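**Student:** Return atomic coordinates for the entry below.
(2 chains)
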Protein chains: 2
Amino acid sequence: MDRPPTAVVMLNLGGPKRLDEVRPFLLELFVDREIIQLPFQSVLGPFIAKRRTASVQRHYAEIGGGSPILHWTDLQGRGMCERLDALCPESAPHKHYVAFRYGEPSSETALRQMSADGVVRAVAFTQYPQFSCATTGSSLNELWRAARRLGLQEAFDWSVIDRWPTHELFIEAMTSTVERGLEQFAEADRDDVIVLFSAHSLPMSVVNRGDAYPLEVGAGVHEVMKRLGRPYEHLLAYQSEVGPVPWLGPSTESVIRQLGVKKRRRVLVVPIAFTSDHIETLHELDIEYGELAREAGITEYRRAPAFNDLPLFQDALAAVVAEHLRSGAACSDQYGLRCPGCVNPQCRNVLRPVAPYRRTNMSPRPDDGQYEKAWGAKT
Amino acid sequence: MDRPPTAVVMLNLGGPKRLDEVRPFLLELFVDREIIQLPFQSVLGPFIAKRRTASVQRHYAEIGGGSPILHWTDLQGRGMCERLDALCPESAPHKHYVAFRYGEPSSETALRQMSADGVVRAVAFTQYPQFSCATTGSSLNELWRAARRLGLQEAFDWSVIDRWPTHELFIEAMTSTVERGLEQFAEADRDDVIVLFSAHSLPMSVVNRGDAYPLEVGAGVHEVMKRLGRPYEHLLAYQSEVGPVPWLGPSTESVIRQLGVKKRRRVLVVPIAFTSDHIETLHELDIEYGELAREAGITEYRRAPAFNDLPLFQDALAAVVAEHLRSGAACSDQYGLRCPGCVNPQCRNVLRPVAPYRRTNMSPRPDDGQYEKAWGAKT
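**Tutor:** Have a look, this model is predicted:
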């Protein structure tokens, strides 16, 4: 086929593939004010990154020497595009590109490859199902900045899939992982299992400026419990808080410890906001919290599997993209709504959007107009 | 009919009916450690109550001299029981009793009247659709304490409706109030309206010990937006924070101010966690935030009506109770699950439950056993 591919750019956090990539990865992470805001960040960020390097390297060593996030994202992307070619022949062929926020392949790497492939139409598809400015927002802002750095700001016609927290197939896939998790308990014991949904936490400063994440995570948990159809006791907690600022709780770590104190013996932890295994599931949930659970007297601590190579999840990815392509929309209606407390004029833009969209809640800051001009709709 | 009535005890916060009831009402509120935990509460609670009395009295004066919460709860209770008599002839007649956590009619008043009426079967029905230990939890604990104080701990067979955040008819009724709210804007302007859901806030200490409230409020917002079927921009914020502790945000007040700064002109505020008008809707949302909105440049600030005398809401109340009665359950499956961080041994009990229920997450504290003995299941 001579047609250039429709690009589906899979945005995710990324992770070091080898141990020597840990320090630069952490450095990128801790100086990014879009993902975390620290006091004296230009000093404190590198300090925290440096201090944490050795222990994080140990963690990656314990899960095989690197993050499997690229392996899984690539595999999911191939499955998604095969399905898309069948679902949407009008935009075939479809090709996935991985753009990690930190580490390789970066947004620049993805954009260069798209340019080499002659791409015209591109979909930026966040792999964070629930929207947060700290994750999807930061990835999109970086994608547009990278395009400008490379002189590719006019190269592609963009649309954005910025959230899919309750898409029917995503909920179906998530429910199936919960069911597979429950199968790790004896049938007779399942009514005694606490289903502990765990999502990556957010600094309260992000929550308090009006980020959609807690609402969207909660909606997903609600839909999964509804679909599960059996009234398991369940809780939602937040993991992976780091640094000297207050984070949204309850913390998964405390909850596990407290459930032990309260003599609960069976816990199934469900990573509701991750789409594949990486350090937060393989090390934090499995190794660290697994040990914590044992110490706390939780004799059966299990984790629902991540999507990884689950075909149903690839069905979900393909369905989300197919519906988005058919809608003709540039983004979701919520994407244009900036967080009420946001002061970052870069937020909520779409580079050369395929359709007009409303970017509302305009900042009155003078630099806002410049971004609007540079990044406004084609028409 | 000679059969004694099935009692439906409507639990709610309450409010001063007259201005001279404001100070004792605030005093009861601020010394209750189940609803708010302050440092040095026995001193700071009365201090805050005293300091706030004059301003709160002014607020009640501005909305007619007292809280309408008893008027509306009574009206809703009558409508609910009429419907219940038709829906559930097997448990008819049904009679509603109002039990406010602060002020009259108190739990003791309700229990005395139930005793005088010869009640045997009683349902404790929270009027907070979303469960929180600070609201429903505190009301239930007080109800059981009051029964013991009156020597009525063996008088009634109890079950509990402890939450109904996404009951289909509740969502239908809430959606209808949002639609009525939207009708206050010109049809052509409605796509520009931000739907700002506002719920009473919670101290972060309550959130962090694992309270279900944020999750259940979020699930309700999600279901209302789904039912609305038009992708209005929407936000969830939290109102009415008070005292020197951190509360769950974003705060409704800040969000309104910030939307003004961002040049939004049309906001519909939706009280998602209240079932009738009272000081938080009539004064805080309408008068205080209304003024704030005007100052911030929001030219069309409107509020979705509270349920008050909406017949659909009485249908919802009756349906919730009818389904509960038919289930034969003592409470929801979630009710027995104590918050992981809870240290209050009184929590999650049902006095003389009509059916066994699992109160799990047992505290290992020695006094817990006593409560279990005193308050355990009949069988």
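
**Student:** Near A:Ala186, how many other residues are there?
**Tutor:** Using other C-beta atoms under 10 Å in any protein chain shown, A:Ala186 is surrounded by 10 other residues. Where C-beta positions appear, they are placed from N, C-alpha and C, glycine not excepted.

**Student:** How about A:Ser327?
**Tutor:** A:Ser327: 11 surrounding residues under other C-beta under 10 Å.

**Student:** now it: how far from B:Glu168?
**Tutor:** 28 Å (C-beta to C-beta, to the nearest Å).

**Student:** Repeat that for A:Glu216.
**Tutor:** Distance, A:Glu216 to B:Glu168, by C-beta to C-beta: 22 Å.

**Student:** And the residue of chain A closest to chain B?
**Tutor:** As assessed by C-beta to the nearest C-beta, chain B sits closest to A:Gly218 within chain A, at 3.0 Å.

**Student:** Show me which of A:Glu216 and B:Glu168 is the more surrounded one.
**Tutor:** A:Glu216 (24 against 13).

**Student:** Which element, helix or strand, includes the more buried one?
**Tutor:** A:Glu216 is located in helix A:213-228, with elements delineated by DSSP states H and E.

**Student:** just A:Val267 next, same as before
**Tutor:** Judged by DSSP H and E, A:Val267 forms part of strand A:266-271.

**Student:** Mind giving me the packing neighbours of that strand?
**Tutor:** Of the remaining helices and strands, those touching strand A:266-271 by 3 or more C-beta pairs under 8 Å, 6 or more residues apart in numbering or on different chains; DSSP states H and E are helix A:168-182, strand A:194-200, helix A:252-261, strand A:300-303.

**Student:** Can you give the contact residues for that strand?
**Tutor:** The contact list for strand A:266-271, computed with C-beta atoms under 8 Å, 6 or more residues apart in numbering or on different chains, reads A:174, A:177-178, A:181-182, A:184-185, A:189, A:192-199, A:224, A:252, A:256, A:259, A:280-281, A:285, A:289, A:293, A:298-304, A:306.

**Student:** Near chain B, list only the ones from those residues.
**Tutor:** Restricting the contacts of strand A:266-271 to those touching chain B (C-beta under 8 Å from any C-beta of the partner chain) yields A:192, A:194, A:259.

**Student:** Tell me the most packed of those, by neighbour count.
**Tutor:** A:Leu259 (27 neighbours).

**Student:** Quick check, central residue of chain A?
**Tutor:** Within chain A, the residue whose C-alpha comes closest to the C-alpha centroid is A:Tyr128; the distance, by C-alpha atoms, centre = their mean, is 2.5 Å.

**Student:** residues touching A:Leu325, list them.
**Tutor:** A:6, A:88, A:91, A:123.

**Student:** switch the cut-off to 6 Å
**Tutor:** If you count contacts by C-beta atoms under 6 Å, 6 or more residues apart in numbering or on different chains, A:Leu325 has them with A:88, A:91.

**Student:** what helix or strand does it sit in?
**Tutor:** helix A:311-327.

**Student:** Report the angle between that helix and helix A:168-182.
**Tutor:** Using axes from the mean of the first three to the mean of the last three C-alpha atoms, to 10 degrees, the direction of helix A:311-327 lies 170 degrees away from that of helix A:168-182.

**Student:** still on that earlier bit, need the ones next to chain B among the contacts of strand A:266-271 in a markdown table with distance to B:Leu310, can you?
**Tutor:** As requested, these are exported to a markdown table (distance: C-beta to C-beta, whole Å):
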| residue | distance to B:Leu310 |
| --- | --- |
| A:Asp192 | 41 |
| A:Ile194 | 37 |
| A:Leu259 | 41 |
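
**Student:** For the residues you listed, give me JSON lines that also has distance to A:Leu310 and pLDDT.
**Tutor:** As requested, these are exported to JSON lines (distance: C-beta to C-beta, whole Å; pLDDT from 0 to 100):
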{"residue": "A:Asp192", "distance to A:Leu310": "27", "pLDDT": "93"}
{"residue": "A:Ile194", "distance to A:Leu310": "24", "pLDDT": "97"}
{"residue": "A:Leu259", "distance to A:Leu310": "28", "pLDDT": "96"}
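
**Student:** Counting neighbours, what do you get for the closest residue to A:Ala318 other than its chain neighbours?
**Tutor:** Nearest residue to A:Ala318 in three dimensions, chain neighbours excluded: A:Arg83, at 3.5 Å (C-beta to C-beta, 6 or more residues apart in numbering or on different chains). By the criterion of other C-beta under 10 Å, A:Arg83 has 20 neighbours.

**Student:** Identify each buried residue in the helix or strand where A:Arg83 lies, please.
**Tutor:** Per DSSP H and E: A:Arg83 is located in helix A:69-87. Using 16 or more other C-beta atoms under 10 Å in any protein chain shown as the test for burial, helix A:69-87 gives A:69-70, A:72-73, A:76-77, A:79-81, A:83-85, A:87.

**Student:** With just CA atoms, put the helix or strand encompassing A:Arg58 into PDB.
**Tutor:** Per DSSP H and E: A:Arg58 is located in helix A:41-62. Extracted in PDB, the C-alpha atoms of helix A:41-62 (Å, rounded to 0.1, in the frame of the first residue of the first chain):
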ATOM      1  CA  GLN A  41      13.100  22.300  42.400                       C
ATOM      2  CA  SER A  42      16.200  23.100  40.400                       C
ATOM      3  CA  VAL A  43      18.300  22.200  43.400                       C
ATOM      4  CA  LEU A  44      16.000  19.800  45.300                       C
ATOM      5  CA  GLY A  45      15.000  17.800  42.200                       C
ATOM      6  CA  PRO A  46      18.600  16.700  41.200                       C
ATOM      7  CA  PHE A  47      19.300  16.200  44.900                       C
ATOM      8  CA  ILE A  48      16.400  13.700  45.300                       C
ATOM      9  CA  ALA A  49      17.200  12.100  41.900                       C
ATOM     10  CA  LYS A  50      20.800  11.500  43.000                       C
ATOM     11  CA  ARG A  51      19.900  10.300  46.500                       C
ATOM     12  CA  ARG A  52      17.400   7.800  45.100                       C
ATOM     13  CA  THR A  53      19.500   6.500  42.200                       C
ATOM     14  CA  ALA A  54      21.200   3.600  44.100                       C
ATOM     15  CA  SER A  55      18.000   2.300  45.700                       C
ATOM     16  CA  VAL A  56      16.000   2.600  42.500                       C
ATOM     17  CA  GLN A  57      18.800   0.700  40.600                       C
ATOM     18  CA  ARG A  58      18.600  -2.100  43.200                       C
ATOM     19  CA  HIS A  59      14.800  -2.200  42.500                       C
ATOM     20  CA  TYR A  60      15.300  -2.500  38.800                       C
ATOM     21  CA  ALA A  61      18.000  -5.100  39.400                       C
ATOM     22  CA  GLU A  62      15.400  -7.100  41.400                       C
END
